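**Student:** Here is a sequence together with a model predicted from it:
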Amino acid sequence: MRRSDQSPLSKRQQALLVKLADGALRGRSRARAETRLAGVVDLDRALARQRRVTGALRGGPLPQEAGAGAALHMPVPTSRRAGRSRSWQLGATAAALAAAVLVAALVLVPRTTSPSLAIAAGLGTLPAERDAPARLADAPLLAGGLEGVQFPDWAGVFGWRAHGSRDDELDGRATRTVFYEHMGHRIAYTIVAGEALALPEGAEMVNRGGVEIALLRDGERDIAVFIRDGRTCILSGEVLDRATLVKLAAWTADGVVEF
């Protein structure tokens, strides 16, 4: 059965998908689960993605791609620009499915005491849940940051306008994500509370104006990880040039944006 406009997975379907990928189901239980998920578009791809995110959640190694720094392999929705109608429909379905799988993984899979950078970066693929924080009147910053770290306001200088936000929790740590848009592109800026997360080995390191930035690749998304006031900050999204993320990450607004 093919559904071009598939509704989000139910909580039961999310749980079954996670259990299948985790290898927790055997025999008849596995067969029943596969029957319940028979109508899911791209089920094999979803299972493969979920197996990767399960490995990341358990602290397993993150594969690398030659020439692209470290790679974060996890369930990431793949967006495509407007084009052929059927391709757009399948891409939208894959994005919704990947987001549902990520949410299920956050809730259902046992994790280590420190959240994985792969999962934290994946929060940028999920939809906004509320409006973006308001702009401060006296500084190029947004109100409502996290643990003293405020989000930058890039609208005036770079044209990236904040348009939505969401809050999540990873292993007891608060996270806040603000989404920005510019000329049809969307990027996410996630701040993770608590001590800085460990970077996967092999990340490409760049120093811009004294700011150390780790560059990674996940499918079509570029990811920049850096530290502000001891907190992990993650910029992620599909951009024409990853140098854009470096420029945005290192922007200090003449010292107003603190690191």
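**Tutor:** That came in fine, so what should we check first?

**Student:** is it true that Glu258 lies in a strand?
**Tutor:** No. Per DSSP: H, G, I helix; E, B strand; the rest coil, Glu258 lies outside any strand segment and is coil.

**Student:** give me every residue that touches it.
**Tutor:** With C-beta atoms under 8 Å, 6 or more residues apart in numbering as the criterion, the residues that contact Glu258 are 228-229, 252. Every residue, glycine included, has its C-beta placed from N, CA and C.

**Student:** OK, contacts around Phe259?
**Tutor:** By C-beta under 8 Å, 6+ apart, the neighbours of Phe259 are 210-211, 226-229, 252.

**Student:** For ChimeraX, write the select line for the buried members of the contacts of Glu258.
**Tutor:** For the buried members of the contacts of Glu258, the matching ChimeraX selection, counting by 16 or more other C-beta atoms under 10 Å, is:
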select :228
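
**Student:** In strands, which of the contacts of Glu258 fall?
**Tutor:** Using DSSP state E, the members of these that fall in strands are Arg228.

**Student:** would CSV of the contacts of Phe259 with distance to Gly144 be doable?
**Tutor:** As requested, these are exported to CSV (distance: C-beta to C-beta, whole Å):
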residue, distance to Gly144
Gly210, 27
Val211, 23
Phe226, 20
Ile227, 20
Arg228, 15
Asp229, 16
Thr252, 20
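
**Student:** and which of these is nearest Arg45?
**Tutor:** The closest of those to Arg45 turns out to be Phe226 (C-beta to C-beta; 31.1 Å).

**Student:** Can you classify the closest one by secondary structure?
**Tutor:** Reduced to three states by three-state DSSP, Phe226 is strand.

**Student:** again, but for the one 10 residues further on
**Tutor:** Secondary structure, three-state DSSP: Ser236 is strand.

**Student:** and it, bridged to which residues?
**Tutor:** Beta-bridge partners of Ser236, counted by DSSP bridges, are Ala188, Ile223.

**Student:** Glu238 is in contact with Gly124, correct?
**Tutor:** No. Under the criterion of C-beta atoms under 8 Å, Gly124 is not in contact with Glu238, lying 10.6 Å apart.

**Student:** Quick check: neighbours shared by the two?
**Tutor:** Counting by C-beta under 8 Å, 6+ apart, the common neighbours of Gly124 and Glu238 are Arg221.

**Student:** Would you mind naming the residues that bridge with Asn207?
**Tutor:** Glu212.

**Student:** tell me the domain ranges of this protein?
**Tutor:** What automatic domain parsing lists as the domains of the chain is 1-111, 113-259.

**Student:** which one of those domains has the lowest average pLDDT?
**Tutor:** Note on these: lowest mean pLDDT is at domain 1-111, with a mean of 54.

**Student:** for stretch 127-135, which positions count as buried?
**Tutor:** Applying 16+ other C-beta under 10 Å to stretch 127-135 flags 128, 132-133, 135 as buried.

**Student:** Distance across it, terminal residue to terminal residue?
**Tutor:** 21 Å (C-alpha to C-alpha, to the nearest Å).

**Student:** Contacts for that stretch, please.
**Tutor:** By C-beta under 8 Å, 6+ apart, the residues outside stretch 127-135 that reach it are 99, 141-145, 151, 153, 155, 162-167, 178-179.

**Student:** give me that answer again for 7 Å
**Tutor:** For stretch 127-135, the external contacting residues (C-beta atoms under 7 Å, 6 or more residues apart in numbering) are 99, 142-144, 151, 153, 162-166, 178-179.

**Student:** Out of these, which comes closest to Lys247?
**Tutor:** Nearest to Lys247, judged by C-beta to C-beta, of those is Asp153 at 15.2 Å.
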